[in-house]
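Enquirer: Any chance you could fold what I've pasted below:
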Amino acid sequence: MQRFFGSAKFTLRGTTREVRVCLDLEENAIEVWYQTPDLRQPSDQSVLKEQAALSDIHLHLPTGEIESARLEDLFIVSYGPGTWAAVDSTLARALILREESFGMTKIVVQPKSSRVEFVLKPHSPMELEYELFYQNSRISWLTPCTLKFDGGQCLIRGDARGIVITGDQCLLGQEERIRFCLGVIQGAPVHLRSILDGRKLIINLASDNVKGMGRLPENLTDIEPLLQGLFDFFAKMTTTEWTRWRPATYFYLQGLSAPGAETQLISWCTFLEVVDGTDTITKEAIARLLGITLDEADLIRRVRHGLVHHGKEMGPALIEAAREISTHKAQLDNSVFSLDTSNPQRTGVLFFLRFAMLLNRLWVRKAKFSGPWNDYSDYSS
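Expert: Below is the predicted model:
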C-alpha cells in the first residue's frame, strides 16, 4: 500500500486545527482526519466549494520522515464521517463496527498543482542522492543501463513496478528528455512519480494508468544503445528545433496511449505537423519526415482529413483517398500501404500498423540505431 501517515495543521474557513493526515499515492490525494467534539456527523456540504491549506506537515516513511512547511490551494474532494486507522489489519477492520461512533471527520483534498514538495529527513545519515522514479513501466529491464549526458551520467534500472534513475548530480535538467526517450522505447508514456534532488523530494499526485503499443527495440539487450541514441538526438537540438520537437513528442506519446486507432492516428499526424512547424501538414513534409513517396504521404494526409472532417473510419477513408488520387494519376507510387477494397476493416488495420512502423523507423533513424526494431510485421502479415 502506498499510504504514508503523519500529522499536520489544517486551515479551513479561517480555523486552524491539529489533524492526522495520510498521503495516498493510490488515490493521488491527501486524507485529513480530525476529531468532531460533539460526535455529530458533518453535514455542511458547502465546504466542498472551499479551498484549504495544510502546514507543519510530518509524514512517516520506513526510512525516515518527509516534511513540508505548507501546502496551499487545496481543493476539497470529499467531506464526511471517517475513522483514523494508521495500522490496518483484518482484526482492526473487523472491530470497526460503526464509523460514526468514532466521531471523526474525514476530508479528502487534492492540491492545485499535482506536484507537491517535501524535505526528506532520513533516520540514518546518507549521502546526497539524485533520483527519478517513473511508473507505467511496460518492459522488463534485464540489466541496468548507463545513460551519458553532458557533464555526467546516470544509472537506469527497472521492472514492471517502475523505472528508477539515479545519478551523482541533479537530474532535473535532463528529466523531460529522459522521459521522452523511455516513452518512445517502451511504446507507452512513462509517469513521473517522484523526484529526489538531494534532500528535496517532489511527489507527483497524478494518474498513471495509460495503455501503449509495442516496444521499439526487438531485443531487450538493445535498450541501452537505443536509449543513448535517442537522448543524444534530443540533447543536441538547437533551441529552435527543441521548440518544435518538445510539444510534438507529447503528441506522439499521447497517440501511443489514446483510445481508438483513429484518435491515435490523428495525434500522430499532429506530431508530424508540429515537427514540421507548418499550419497545415503537406504531403511534401510528410514524405520528407517519414522517408516515403509523395503518393504514400498524400494517402496519410487524405486519411487524416477524412477522419477529422468527415468522421470516417480508417479503412474507408484510405480507399476513398486512393480513389481520389487515382482520378488524376494513372498509377499510385505506393509500396507501403495495402489497398484491399474488398475488406475495408482489414485495410484500415494494416494502414494503422504500417503508419506506426513508419514512425518507429523515424525514431530509429534519429537515434542512429542499427539493430533490429519493431516494424509490426508480426501483426500485419
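
Enquirer: Pretty sure residue 110 sits in a strand.
Expert: Yes: looking at residue 110 with DSSP: H, G, I helix; E, B strand; the rest coil, it is inside a strand.

Enquirer: Now do the contacts for it.
Expert: 28-30, 74-75, 77, 205 (CB atoms under 8 Å, 6 or more residues apart in numbering). All C-beta atoms are positioned from the backbone trio N, CA, C, and that covers glycine.

Enquirer: now do 6 Å
Expert: 29, 75, 77 (CB atoms under 6 Å, 6 or more residues apart in numbering).

Enquirer: roughly how far apart are the second one and residue 209?
Expert: By that I understand residue 75. 21 Å (CB to CB, to the nearest Å).

Enquirer: same question, residue 267
Expert: To residue 209, residue 267 is 18 Å away according to CB to CB.

Enquirer: out of those two, which sits in the more crowded spot?
Expert: Applying other CB atoms under 10 Å to residue 267 and residue 209 shows that residue 267 carries more neighbours, namely 18 against 8.

Enquirer: Which residues lie in contact with the spatially closest residue to the more buried one that is not a sequence neighbour in this structure?
Expert: Leaving out its chain neighbours, the residue that sits closest to residue 267 by CB to CB, 6 or more residues apart in numbering is residue 255, at 3.3 Å. Residue 255 makes contacts with 264, 267-268, as judged by CB under 6 Å, 6+ apart.

Enquirer: Show me what the lengthiest helix in the chain is packed against.
Expert: Longest helix of the chain, by residue count under DSSP state H: helix 344-366. If contacts are counted by 3 or more CB pairs under 6 Å, 6 or more residues apart in numbering; DSSP states H and E, helix 344-366 sits against helix 314-326, helix 377-380.

Enquirer: Out of those, which is closest to residue 231?
Expert: helix 377-380 (27.1 Å; CB to CB).

Enquirer: Using CSV, write out every CA atom in that closest one.
Expert: Extracted C-alpha coordinates of helix 377-380, given in CSV (Å, rounded to 0.1, in the frame of the first residue of the first chain):
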residue,chain,number,x,y,z
SER,A,377,5.3,-7.3,-39.3
ASP,A,378,4.2,-9.9,-36.8
TYR,A,379,0.8,-8.3,-36.7
SER,A,380,0.4,-7.2,-40.4
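
Enquirer: pLDDT (mean, whole number) over that helix?
Expert: Across helix 377-380, pLDDT averages out at 77.

Enquirer: how far does it sit from the chain's center?
Expert: Centroid displacement of helix 377-380 relative to its chain, using CA atoms, centre = their mean, to the nearest Å, is 27 Å.

Enquirer: Can you tell me what sits against that helix?
Expert: 350, 353.

Enquirer: The helices and strands packed on helix 344-366: lowest mean pLDDT?
Expert: Among these, helix 377-380 scores lowest, with a mean of 77.

Enquirer: who's in contact with residue 218?
Expert: Contact partners of residue 218, counting by CB under 6 Å, 6+ apart, are residue 372.

Enquirer: count of residues packed around residue 177?
Expert: The burial count assigned to residue 177 is 22, neighbours taken as other CB under 10 Å.

Enquirer: hmm, I was thinking of residue 364
Expert: 22.

Enquirer: just residue 239 next, same as before
Expert: Per other CB under 10 Å, the neighbour tally for residue 239 reads 6.

Enquirer: how much space between it and residue 354?
Expert: With CB to CB as the criterion, residue 239 and residue 354 are 34 Å apart.

Enquirer: do the same with residue 213
Expert: 13 Å.

Enquirer: Buried residues of whichever strand or helix holds residue 255, list them for me.
Expert: Using DSSP states H and E, residue 255 falls within helix 239-257. Under the neighbour-count criterion of 16 or more other CB atoms under 10 Å, helix 239-257 has 242, 245, 248-257 buried.

Enquirer: repeat for stretch 54-70
Expert: Neighbour count says stretch 54-70 has 54, 57, 59, 61, 65-68 buried, by 16+ other CB under 10 Å.

Enquirer: Check what contacts stretch 123-130 and list those residues.
Expert: Applying CB under 6 Å, 6+ apart, the contact partners of stretch 123-130 are 64, 167, 170-171, 196, 198.

Enquirer: Poorly predicted segments of this protein, please.
Expert: For the chain, applying pLDDT under 70 flags the ranges 1, 37-45, 82-103, 380-381.
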